[in-house]
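S.K.: need coordinates for the below:
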Amino acid sequence: MAESFGALLRNCRLEAGVSLGQLAQKIKYSKGYLSRIENGHQPPSPMFAKQCDRVLGTDGRLAAAVPAKTTAAANHATSSGDVWVLELDEGTLRFTEVSRREVLAGAGALLGYAATRNARPVVDAPTLAALRASFDHYRVLGTMTSPLVVLAQVIAHVHTLRTLANGNPEPARSELMLLAARVAEFAGWMSQEAGDEVNAVRWTDWAARAVAAQDPHFPSFALFRHAEIALYRNDAHQTVELARRAQQDKDAGPRILGLAARCEAQGHALAGDIRGYEEALDRAAGLLAIPEDHYGPVLGSASVPDEVALARGWSLYDLGRPGDAAELLDQQLIVIPSTARRARARFGMRRALAHAQYGDIDQACVAAREVLADTAQVDSATIRQDLRELSRTLGRWHTHRVAVDLRQELIRMLH
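M.R.: Numbers count the residues shown, from 1 in each chain. This is a model prediction of the structure:
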């Protein structure tokens, strides 16, 4: 009986004295993904096998062992015909797997999904440009409104791109998969904003795996996103650790490295490490000031003019310096575009909270009301953390009529 690819990979890895974690790090795949391949739960792609051959010195043995049908089956979620749709179950956001037949029968959440598995539309340059423009539209919408408004459409766009990639030759296939990865990363961010950390991680990791061969630096960006998720979980240690790992690939480009350094600084601030915060933020400022040529959509949010200054104001609050934080955020909020509602709500509420903690309760109420409509509009799970903290802080001012009224509004929003 022929040895399975997974068994061969495990034997070659052990013969080379390489652990599963070491191999994962060298080829930029997750350890869990490698484990699934070795155990036969995930089919390998030809590129994956070639990368293992290179690292393990197996002279093409692994690439030769990839079954011919694996190339068509490598994109499991596309070829299986299953998709994920968004639904609300008793007030809880969930993703439910459904068949393509159900989608085509009228699942309205997946508007625009590619029609049938027999259709093989050719994607030329104008079509690809239009698909990118659709994603740009979703990104703009994501800065202005609730994640529930865009998530289903974004997920449908991912599946459309994957289906098209599966039916087109190179170089269109690679371009479509790169775009799909960026859309999936955005789906991860919107999932986080909707309060669904599980699917925030799931979409981010899928994006990194999907384009590991075409864009070997994308896993570094995925690590940065994991660090951001840990930051909003208030896990300082994980934030710093993941952000540092994201910076290990020095060829990842200044934007990815700068975003990771910025997140590391915020993690240090959360832990109260002033020196670590200052060093990391200085590094972030230098990296993010470097012009970079972008292929396709810019990775990460791009709706604020100076994200380093905003991160500094955010972190000063975590360092126990709310007065300094309030002063800096006062200066920065006025330059955030009015259309960037999510950013205005995020930093505006942190500004109000800084004023409240500093004891300037009148200014805190003014600052909060300036962004109250934006906060309600974007309906962000991460911003609600500061809303709760602001509500608790205002509760200490039970004789201040304006603070009492504002707190009642915040309580209604939170519920």
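
S.K.: elements contacting the lengthiest helix in the chain?
M.R.: Scanning the chain for the helix with the most residues, using DSSP state H, yields helix 172-193. With contacts defined as 3 or more C-beta pairs under 8 Å, 6 or more residues apart in numbering; DSSP states H and E, helix 172-193 has these neighbours: helix 125-142, helix 147-166, helix 197-210, helix 218-232. The way it works is simple: take the backbone N, C-alpha and C, and place the C-beta from them, glycine included.

S.K.: just give me how far the first one sits from the chain centre.
M.R.: Averaging C-alpha positions (C-alpha atoms, centre = their mean, to the nearest Å) puts helix 125-142 18 Å from its chain's average.

S.K.: got the contact list for that helix?
M.R.: Residues from elsewhere that reach helix 125-142 (C-beta atoms under 8 Å, 6 or more residues apart in numbering): 121, 123, 149-150, 153-154, 157, 160-161, 164, 172, 175-176, 179, 182-183, 186, 189-190, 193, 296-297, 339, 342.

S.K.: mind running it again at 7 Å?
M.R.: 149-150, 153-154, 157, 161, 175, 179, 183, 186, 190, 296-297 (C-beta atoms under 7 Å, 6 or more residues apart in numbering).

S.K.: Arg283 - how many residues pack around it?
M.R.: Applying other C-beta atoms under 10 Å, we find 18 residues neighbouring Arg283.

S.K.: isn't it up against Ala261?
M.R.: Yes - between Arg283 and Ala261 there is a contact under C-beta atoms under 7 Å: 4.4 Å.

S.K.: quick one: the nearest residue to Ala285 once chain neighbours are set aside from Ala345, how far?
M.R.: Nearest residue to Ala285, sequence neighbours excluded (C-beta to C-beta, 6 or more residues apart in numbering): Val308, at 4.7 Å. Separation of Val308 from Ala345 (C-beta to C-beta, to the nearest Å): 20 Å.

S.K.: so which of those two has more stuff around it?
M.R.: Neighbour count, other C-beta under 10 Å: between Val308 and Ala345, Ala345 has more, with 24 against 20.

S.K.: what helix or strand is the more buried one on?
M.R.: If you go by DSSP states H and E, Ala345 is part of helix 341-358.

S.K.: so what secondary structure elements neighbour the following helix or strand past that helix?
M.R.: Per DSSP H and E, the first helix or strand lying C-terminal to helix 341-358 is helix 361-370. Helix 361-370 makes packing contacts with helix 341-358, helix 401-414 when contacts are defined by 3 or more C-beta pairs under 7 Å, 6 or more residues apart in numbering; DSSP states H and E.

S.K.: what's the most buried one of those helices?
M.R.: Of all the helices and strands packed on helix 361-370, helix 341-358 has the most neighbours on average by mean count of other C-beta atoms under 10 Å, namely a mean of 26.

S.K.: quick one: contacts of that one?
M.R.: 143-144, 303-304, 310, 314, 317, 322-323, 325-326, 329-330, 332-333, 336, 363-364, 367-368, 370-371, 374-375, 377-378, 380, 383, 386-387, 389-390, 393-394.

S.K.: filter those residues to the buried ones?
M.R.: 143-144, 303-304, 310, 314, 317, 322, 325-326, 329, 332-333, 336, 363-364, 367-368, 371, 374-375, 377-378, 380, 383, 386-387, 389-390, 393-394 (16 or more other C-beta atoms under 10 Å).

S.K.: follow-up on the earlier one: make CSV out of the helices and strands packed on helix 361-370 and add mean pLDDT and distance to Gln266.
M.R.: Converted to CSV, the helices and strands packed on helix 361-370 look like this (pLDDT from 0 to 100; distance: least, C-beta to C-beta, whole Å):
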stretch, mean pLDDT, distance to Gln266
helix 341-358, 94, 12
helix 401-414, 95, 24
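
S.K.: which of the helices and strands packed on helix 172-193 is buried the deepest?
M.R.: Buried most deeply of the helices and strands packed on helix 172-193, by mean count of other C-beta under 10 Å, is helix 218-232, with a mean of 25.

S.K.: packing partners for it?
M.R.: Right, helix 218-232 is packed against helix 172-193, helix 197-210, helix 236-246, helix 254-271 by 3+ C-beta pairs under 7 Å, 6+ apart.

S.K.: just the buried positions in the shortest one, please.
M.R.: In terms of neighbour count (16+ other C-beta under 10 Å), helix 236-246 has its buried residues at Ala236, Gln238, Thr239, Val240, Glu241, Leu242, Ala243, Arg244, Arg245, Ala246.
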